[in-house]
Structures are given as C-alpha cells and as structure tokens.
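Colleague: Please work out how this folds:
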Amino acid sequence: MQRVNINKNQIITLYNAIPEESDEKMKKYIDLRDIKINSREDLVKVCQTFRNPKYETFRIIYMRDNNIVNYETITSRLPNSCDIFKVKAKTAFQKNIKGYQDISRRMYRLGANGYYLQHNHPSGNAKASINDMWITQEIEENIKGFKGHIIVDHGTYSWIEKDVEKNTLKAINNINIESIPNLDSQELIKDDPLMHKKINSRNDLARIMYDIIHSNHYSCLILTSAINDIRLFQELPNTFINMSYRQIGGYIKNRCIDTGSTRAFLATTDRPFFERAKDLVKLGYLSDCLAYTVTKDKAEIVDVADSEYVDQDIFTSIKANDELRKEEKWIEKVR
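Modeller: Residues are numbered from 1 along each chain as shown. Modelled structure (predicted):
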C-alpha cells in the first residue's frame with residue numbers, strides 16, 4: 001500500500017483533557033531532600049506534588065530515619081503500567097534480582113535506612129490493584145527498610161502497609177485528602193462539556209456523536225481513560241484511514257500516551273472508513289468502532305466491529321497480538 005501523509009492541520013481537536021503545557025509543569029525538578037516525614041499525612045502532601053494525569057510513574061523515596069535523602073523516578077510513559085526495573089537480564093527473575101540489588105546498593109550509598117514506595121493511577125481511581133499488592137510484597141520481601149506504599153491521585157490516596165501481627169500486607173483504599181499542595185494535576189484538566197462524559201457502551205458513543213456536528217468528510221477519534229472518561233476528541237479527515245494500519249496504530253497509540261488514555265474508538269458515517277476501522281479493532285489498535293447515521297432526533301448505529309475484539313485496552317492488546325501483526329501484512333497486501 002502506498003504511504004499516505006496527513007497534514008496535522010487537517011486534524012481538528014475538539015477536546016483535550018490534558019493540554020500540552022502540562023508536560024512542562026511535570027518536567028520541573030522538585031528537591032525534596034531533608035524534608036521530614038513524621039506521619040502518613042506528611043507523605044501524602046509530598047506525593048501530591050508528583051501526580052501526573054498522563055501516565056503511570058513509580059517512585060522510591062529513600063529515608064534516613066524521618067528525613068528524605070533522595071528519591072528515584074521510574075516511568076514507561078504509559079497510562080496503565082510501569083516497568084520498575086530498567087536493568088537488562090535474560091529472564092524476568094534475573095531482572096528482578098538485579099533490580100533489588102541496585103536499590104539496596106543505592107540505599108547504602110545514600111546512607112538510607114528505609115524507603116517509601118509511591119505511584120499514581122492516571123485513571124483517577126487510587127484503589128490498590130492486585131498487581132500493586134503483588135509488586136509491593138515482592139519489594140518488601142527482598143529489600144529491607146519498607147515503610148509503606150502510597151498510591152495518590154485526584155483528591156484520594158490508598159495506603160499499603162505491613163501488618164506485623166499477621167505478617168502480611170494490607171491496603172486501606174480511597175482515603176480522602178484533606179490538604180492538597182499547590183501543584184495540583186487537576187488544574188491541568190480543562191473545563192469542557194465533554195470532560196464529564198463517559199463512554200460505557202456503544203449507545204453512549206452514539207449519543208455523543210449526535211451532539212457533535214461535523215462534515216461528512218470527517219470521522220471522529222475518541223480516547224478514554226481506564227474508567228471511561230473522555231480524554232481526547234478529534235475529527236479526522238476520512239483520507240486518514242488510507243494510511244497503513246501501522247501508521248494509524250502508531251498515531252492512536254501516541255495520542256493515548258499524550259492524554260493518559262487506554263481505550264480508543266472511531267465513529268464514522270463513511271462506509272469505507274468503517275470497514276478499515278474494523279480491521280484496526282481486530283489488530284488491537286482500537287477498542288471499538290461504529291458506523292452511524294444521524295436522523296432528526298438521534299444518532300442510529302448501523303454497524304459495529306466484531307464483538308470478539310471490542311472493549312480492549314489497546315496497550316494490552318497491541319502487546320498480545322503479535323500473531324495478528326503478521327496477519328496485518330497479509331491484509332495490507334490484499335487491500
């Protein structure tokens with residue numbers, strides 16, 4: 001297939017929950033050395049500074065008694081996951097062992113005798129997940145000095161600590177934050193009617209399309225967070241779909257990273273656009289797509305993607321669909 005280039009000026013952004021200037025705010029270095037942490041509440045106030053609405057970030061805060069001596073930031077720049085250990089190894093087990101050793105050596109160099117773990121959930125739900133509990137347990141068992149793990153986002157936090165009596169970890173979820181520091185990631189969210197919309201079903205998507213007036217020469221890309229809040233709404237020229245699947249998938253993935261989104265949808269009134277969009281769903285580049293028509297009082301769904309492939313987290317599906325990538329080359333040749 002011939003490579004197609006689309007002028008960025010042809011793409012119209014109707015709504016973006018995370019403006020580009022948020023990157024500059026998040027890049028600023030924050031010196032926390034010598035700040036005292038005498039309580040869980042003190043730690044919450046410090047960690048509020050770190051919240052990022054775009055992607056998940058993991059931090060290790062090194063302590064000497066109650067004083068912060070340094071901290072380490074790790075991110076994969078993805079909305080829903082973070083590779084904590086950036087070391088090279090032949091197996092996952094060896095990688096983890098090297099990671100534990102690196103942290104222990106760093107603690108020794110810093111003169112640290114304890115550490116806190118901290119990360120965020122860009123979705124806005126701070127509840128500790130099963131994976132959060134698992135990685136906390138692995139680190140606590142392999143690195144001495146664990147003081148607690150805090151998950152902070154959007155006015156609430158969760159706390160994972162060691163239950164000494166039961167010798168297990170326990171989580172206290174969704175605790176309200178009474179005092180929030182000045183750097184608030186919620187300030188990065190623009191107030192817009194689409195901000196409070198959720199896409200929990202295809203009917204929700206169709207209702208939104210009824211409210212959006214756009215040219216028949218354009219189709220719509222909608223990205224949502226893990227809890228289905230709209231993060232980005234763009235109008236794409238219908239010629240956009242003539243790019244290769246890999247080009248389109250790369251564009252969608254990059255926009256998801258930019259906006260902290262995990263799900264992507266295309267809605268169109270154009271049949272050729274829809275047919276190729278269905279292939280994108282199958283290949284894992286889209287969560288769902290639909291073709292619709294607007295009548296006098298509603299948007300009516302006329303066709304949808306195969307149900308076997310819908311509602312997928314695109315970062316999970318792209319990683320899992322290696323075999324379909326081979327099929328993608330075959331589809332491109334056929335078309």
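Colleague: quick check: domain ranges of the protein?
Modeller: Residue ranges for each domain of the chain read 8-17+190-334, 22-188, as given by automatic domain parsing.
Colleague: Please, where are all the strands along the protein?
Modeller: 12-16, 57-64, 67-75, 114-120, 146-153, 156-163, 168-176, 218-224, 230-237, 263-268, 288-294, 299-304 (DSSP state E).
Colleague: Reformat those as CSV; add mean neighbour count and distance to Ile252.
Modeller: Where you see a C-beta, it was placed from the backbone N, CA and C, and this is true even at glycine. Formatted as CSV, the strands of the chain follow (neighbours: other CB atoms under 10 Å; distance: least, CB to CB, whole Å):
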stretch, mean neighbour count, distance to Ile252
strand 12-16, 15, 14
strand 57-64, 20, 22
strand 67-75, 17, 20
strand 114-120, 24, 23
strand 146-153, 24, 24
strand 156-163, 19, 30
strand 168-176, 14, 31
strand 218-224, 24, 7
strand 230-237, 21, 10
strand 263-268, 26, 5
strand 288-294, 21, 11
strand 299-304, 15, 18
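Colleague: Serialize those to TSV and add fields for distance to Leu280 and mean pLDDT.
Modeller: Shown next, in TSV, are those (distance: least, CB to CB, whole Å; pLDDT from 0 to 100):
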stretch	distance to Leu280	mean pLDDT
strand 12-16	20	74
strand 57-64	29	87
strand 67-75	27	81
strand 114-120	29	89
strand 146-153	30	87
strand 156-163	35	88
strand 168-176	35	87
strand 218-224	11	88
strand 230-237	12	85
strand 263-268	7	90
strand 288-294	7	88
strand 299-304	13	86
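Colleague: and of these, who's closest to Arg246?
Modeller: Closest to Arg246 of the strands of the chain, according to CB to CB: strand 263-268, at 15.0 Å.
Colleague: Which neighbouring elements make contact with that closest one?
Modeller: Secondary structure elements in contact with strand 263-268, counted by 3 or more CB pairs under 8 Å, 6 or more residues apart in numbering; DSSP states H and E, are helix 202-211, strand 218-224, helix 245-259, helix 271-282, strand 288-294.
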